[in-house]
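Engineer: turn this into a model:
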Amino acid sequence: MTRIHGQIESLKRIRETLNQEGITRFNSIGEIKKFLKYYDNEKEELIFKIERQFDLESDVLQTKCHYLQKGYEERKSSTSTKLNNTISRLKIKSESLSHPTKNALLELLNWYQQQILLAYKFILEKNFATIVMLKTFQYKKKLDAGLKKLYSHITNREEIISERSAPRFKELDHMKTICTNLYPIIAGAIGENLVAKELEKLSDDCVLFNDYSIKFNKPIFYKKEKHLIHSIQIDHLLVTQAGIFIIETKNWSKASLERYDLRSPIKQIQRVSYALFVLLNPKERHLNQLLKKHHWGNKKLPIRNIVAMIRHKPKEKFNHVAVKKLNELNNYIAYFEPIFDSTEVQNMADHLLKLKS
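Structural biologist: Residues are numbered from 1 along each chain as shown. Below you'll find the model as predicted:
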């Protein structure tokens, strides 16, 4: 199995973007795709959960009001009973004092006491409802507050549900916008991951660098386009016994193949290949130290260019660049005969690792 260095660049970009946006929900591209696919279902499920929670809260409030009502009625009933018993006792006692006695002074005292009891009884009877109300005031206050809360809760159902849904909907919409904007990068990441998995199937003598990049201290002049190359980035750089393979991955549709506004992967890989060739030019002493000497002279390090197309590829052929589908990739690489041994491959891999930015 191929030895691997580095993570796929587009995966890192996706993770960085999600982190910058405060999105920690997704752990894979598959989860992002699933979220986008079932976005509408998730919104409906969210509404359902909020409605269900609201209805449960309504049930709790109704139950609470039921017990408050029961407590109030029990308190009112017990207060009325106690008050009626007091009035009854006052009536009986006042009637007992109305019986004549042989002692005039005692009869006078009984009469005064009777008047007091009758006055007290009259006050209790006249203010019966007020007394009951005062005795049950706290119970009634709690009941009214509970009923008011329940009424407000039920009558404002739609408003409350909408208010509770809004922040979560905003969060979901934000995630959808970010993920939708990331979709071109996601498509690239899917393609690069498929290519990386395919290249992993090669022999143990192969070394694969995912997202290989170099920044040049001294820019390289690209004669073909007459500009300076300050840095290069390669989706996959494969070191094998047959040489080095630069692999650029494109997960394009048929429509994308016909678009003129998309950067040509052929020009892109040719530019990178030229810069890497100059960097590893056989005239450089360090390269001669990496490769074993041949009795005919210094060995050349072949650099081959591949554009790996995941879905569709053009029918045309291009100079110095092979365009291959995913299922053609490993057979094409294996086609080239080995010219280096495992030590030379490791030396080249170690040197490229040191050069990497």
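
Engineer: how about residue 235, what does it touch?
Structural biologist: By C-beta atoms under 8 Å, 6 or more residues apart in numbering, residue 235 lies in contact with 8-9, 192, 195, 210-211, 247-249. In short, each C-beta sits where N, CA and C put it, glycine included.

Engineer: tell me which residues of the strand or helix carrying it are tucked away?
Structural biologist: In the assignment (DSSP states H and E), residue 235 maps to strand 227-240. Within strand 227-240, the residues scored as buried using 16 or more other C-beta atoms under 10 Å are 229, 232, 234-240.

Engineer: between those, which sits nearest residue 91?
Structural biologist: Set against residue 91, the nearest of these by C-beta to C-beta is residue 235 (103.6 Å).

Engineer: which residue packs closest to the closest one, ignoring adjacent ones?
Structural biologist: For residue 235, ignoring the flanking residues on the chain, the nearest one in space by C-beta to C-beta, 6 or more residues apart in numbering is residue 249 at 4.8 Å.

Engineer: other SSEs contacting the host helix or strand of the one you found?
Structural biologist: Assigned by DSSP H and E, residue 249 belongs to strand 243-250. Judged by 3 or more C-beta pairs under 8 Å, 6 or more residues apart in numbering; DSSP states H and E, the packing partners of strand 243-250 are helix 183-199, strand 227-240, helix 265-279, strand 303-309.

Engineer: show me the contact partners of the last one.
Structural biologist: Meaning strand 303-309. Residues outside strand 303-309 that contact it (C-beta under 8 Å, 6+ apart) are 191, 195, 236, 243-250, 252, 265-266, 269-270, 273, 276-277, 280, 313, 320-326, 329, 332-333, 336.

Engineer: so among those residues, which ones count as buried?
Structural biologist: 191, 195, 236, 243-250, 252, 265-266, 269-270, 273, 276-277, 280, 313, 321-324, 326, 329, 333.

Engineer: got the contact list for the strand or helix carrying residue 105?
Structural biologist: Applying DSSP H and E as the criterion places residue 105 in helix 104-126. By C-beta under 8 Å, 6+ apart, the residues outside helix 104-126 that reach it are 83, 86-87, 90-91, 93-94, 97-98, 100-101, 131.
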